[in-house]
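Undergrad: here's a sequence, model it:
(one chain, ligands or ions: 1)
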Amino acid sequence: MVYDDLENMNSIIRNCTKCILHENRKNAVCGIGSLAPEVFLIGEAPGRSEDENGIPFSGRSGNLLRKSLADTSITEHAFYITNSVKCRPPNNEKPKRESMKICNEYLKSEIQLLRPKVIIALGNTSLTALSLITGTKYGNISEMIGKKFEWNGTLIFPQFHPAAVLRNMKRLDIFNNVFLEVTKILRN
Ligand code: SF4
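TA: Numbering: from 1, shown residues only. Just a heads-up that it's a prediction; the model follows:
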């Protein structure tokens with residue numbers, strides 16, 4: 001199903017029990033941000049703090065992400081951020097494919113409703129979620145960084161998940177360069 005109203009869809013997400021991930025969540029975490037975004041960011045899944053407060057990327061990863069975006073002049077007004085699945089997997093595991101497939105209708109609707117210029121897929125899980133929508137099979141994120149793909153008039157950029165940057169800060173320059181490349185394209 002594709003939803004035609006974001007607010008209506010978000011109230012459905014908050015009460016959603018379509019997959020097993022609803023069993024342990026405190027809050028389903030809906031996307032937030034600009035309703036006419038230049039940049040649409042997709043993460044993996046809510047973590048502990050997101051599950052607690054219902055806000056995507058509100059922990060350490062989110063802080064790093066927001067700082068890097070601000071440093072490359074992509075302001076809060078220009079982006080929308082969401083996750084491949086809207087409920088926290090137990091023990092911060094990667095979401096299972098079954099949950100990703102079920103939850104994908106929400107992600108697909110967000111993209112169709114907001115029609116962003118650029119989609120940035122943060123990490124392998126979000127690339128997989130995106131492939132369920134675009135029908136394109138992408139490679140591993142580390143081989144995909146620096147590439148871009150056109151889909152229905154939207155540019156797709158693979159990017160490290162900020163948690164992967166926090167695990168290895170040597171990735172920070174590459175991470176920032178992807179955002180610089182996006183900025184260059186948006187400002188041309
Ligand atoms: S992860 Fe998605 S499909 Fe599963 S319960 Fe949460 S909102 Fe529903």
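
Undergrad: the residue nearest the centre of the chain pairs with what?
TA: Central residue of the chain (CA atoms, centre = their mean): Ile42, 1.0 Å from the mean position. Note on Ile42: beta-bridge partners by DSSP bridges are Thr82, Ala121.

Undergrad: how far away is it from the ligand?
TA: 14 Å (CB to the nearest ligand atom, to the nearest Å). All C-beta atoms are positioned from the backbone trio N, CA, C, and that covers glycine.

Undergrad: do Met100 as well
TA: As judged by CB to the nearest ligand atom, Met100 and the ligand stand 8 Å apart.

Undergrad: the residue nearest to the centre of the chain and Asn83 touch, don't they?
TA: Yes. Using CB atoms under 8 Å, Ile42 is in contact with Asn83, at 6.9 Å.

Undergrad: anything in contact with each of these two?
TA: Contact with both Ile42 and Asn83 is made by residues Ser126, according to CB atoms under 8 Å, 6 or more residues apart in numbering.

Undergrad: apart from its chain neighbours, what residue comes closest to Ser73?
TA: Closest residue to Ser73 apart from its sequence neighbours, by CB to CB, 6 or more residues apart in numbering: Thr183 at 5.6 Å.

Undergrad: what strand or helix carries that neighbour?
TA: Taking DSSP states H and E as the definition, one finds Thr183 inside helix 172-187.

Undergrad: fine by me, thanks again.
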